[in-house]
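> mind folding the following:
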Amino acid sequence: MNEQSRPIQIRVGVVDDVFAPPNLSSVRTHNLEEFLDAVDEHDLGEVLHRIVGAEQLDASAVTDIQIGSLFEHKKAFQTISREFELLFGDFQNRKNDLKAIVAGIEKFPNAKISTYDSQKAIEEESNHLHVVFLDYQLAGGPEEAREVAKQLYSQHRAFIFLMSDQAATSDKEEGFRKDLKLLRGFFRYCPKASLKDAETVERNLLFVPTDIEICRLIHELVEGLEVTLGGNIESLDASQVSSSRPVPGQAVRRFMSVLRDMPLQDYATLCELTLYDVGFPLGDYIRRLLGAFLVDQVFRSQNVSNSLRQLDSTRFTEFLPVVSQPSESLKEIYAASLAEPIANPWGSHPWEGEGDEESREASDGE
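As a prediction, this is how the structure comes out:
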């Protein structure tokens, strides 16, 4: 993404439960017990009562709200700062890591950042998000992250960076993406440890297309194809494909799998192969390419190819001569093979004249 071609503004969302106050799941039970013992030993009952409404607490009865209130009153427990730091150390470290990540995003030109602490918070977002950094371990666990990813996919068509405190693994990345039928071209898995470095954040953001509309257009193409082919089509890895014993729905499942697995670089390559304004427009080129691939998937299974081979040597001796008109089915098949539907009005290539316009702009600049 070069300086001159960057969009006026890129809206970046960061979804992490660290933006919310800590709760019981943010602390360890033995650290909480040690903290409450220290409160008793240092006669801090009145302080505790002022903050949480009780002079004494049992670790088993502490609520999420009380944990959050304690975290906000660090200065009140300076005399037992060691126990306080042990209690909230893990949460504070996560919070510091996220601050570093957000600071790195802020350095990216034209980035406008919004933060969210839960699925509910991002559901209320009315503005379109272009890029989202999504924590894998939200308060509701990985399942909440999956629901957020589904929403981002359907409503925002956003480029998703899945973050985790754990090291990235290809199996985890692929499993998350394939389970939710996300497109590889708009999804990456990043360990938070690497994202604390501003340069790493910038390198990752450079994977986002300069023209944000590309995300929406490609998502809508893939979604439209899936709906047309039956909807809610499960993926099928190449290792599961069998020519001798085909899996039910094998052709469309493999077709959609390959389509979802295409990275953005592949679309850029196709754009080059269209030969610019002397070849097919990109949409028309993709239509022909994917059409040929789908046909190949349909007819490559052994049972279909065997049937066709047997038909090669078959000759009809009945029903001839035909005295009736060909059926509507045959007419439809022949029409599709002999002619192409006109999807758009006749006109020049969409890119025609762009080179001349760029030359004129360069000349004006000189």
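> show me where pLDDT drops low in the stretch 101-250 of the chain?
Along the stretch 101-250 of the chain, segments meeting pLDDT under 70 span 167-170, 243.
> where along it do the helices fall?
119-123, 142-151, 170-179, 192-195, 198-205, 213-228, 250-261 (DSSP state H, counting those that start in this stretch).
> can I get these in JSON lines with distance to residue 69 and mean neighbour count?
Bear in mind the C-beta positions are built from the backbone N, C-alpha and C, glycine included. JSON lines is the format used below for the helices of the stretch 101-250 of the chain (distance: least, Cβ to Cβ, whole Å; neighbours: other Cβ atoms under 10 Å):
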{"stretch": "helix 119-123", "distance to residue 69": "20", "mean neighbour count": "16"}
{"stretch": "helix 142-151", "distance to residue 69": "24", "mean neighbour count": "18"}
{"stretch": "helix 170-179", "distance to residue 69": "35", "mean neighbour count": "15"}
{"stretch": "helix 192-195", "distance to residue 69": "27", "mean neighbour count": "18"}
{"stretch": "helix 198-205", "distance to residue 69": "33", "mean neighbour count": "17"}
{"stretch": "helix 213-228", "distance to residue 69": "41", "mean neighbour count": "15"}
{"stretch": "helix 250-261", "distance to residue 69": "45", "mean neighbour count": "20"}
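> would you turn these into JSON lines with distance to residue 273?
Putting the helices of the stretch 101-250 of the chain into JSON lines (distance: least, Cβ to Cβ, whole Å) gives the following:
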{"stretch": "helix 119-123", "distance to residue 273": "38"}
{"stretch": "helix 142-151", "distance to residue 273": "31"}
{"stretch": "helix 170-179", "distance to residue 273": "26"}
{"stretch": "helix 192-195", "distance to residue 273": "34"}
{"stretch": "helix 198-205", "distance to residue 273": "27"}
{"stretch": "helix 213-228", "distance to residue 273": "16"}
{"stretch": "helix 250-261", "distance to residue 273": "17"}
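> so which of the ones you listed gets nearest residue 274?
helix 213-228 (15.0 Å; Cβ to Cβ).
> relative to helix 250-261, how tilted is that closest one?
Interaxial angle, helix 213-228 versus helix 250-261 (axes from the mean of the first three to the mean of the last three Cα atoms, to 10 degrees): 170 degrees.
> which outside residues touch stretch 254-267?
Here stretch 254-267 makes contact (Cβ atoms under 8 Å, 6 or more residues apart in numbering) with 177-178, 181-186, 207, 209, 214, 218, 222, 225-226, 229, 233, 235-238, 241, 290, 293-294, 297.
> quick check on the residues you listed: which are buried?
177-178, 181-186, 207, 209, 214, 218, 222, 225-226, 233, 235-236, 241, 294, 297 (16 or more other Cβ atoms under 10 Å).
> wait, what's in contact with the residue lying closest to residue 54 once chain neighbours are set aside?
Counting by Cβ to Cβ, 6 or more residues apart in numbering, residue 54 lies nearest to residue 48, which is 6.6 Å off, once chain neighbours are set aside. Neighbouring residues of residue 48 by Cβ under 8 Å, 6+ apart: 39, 54-57.
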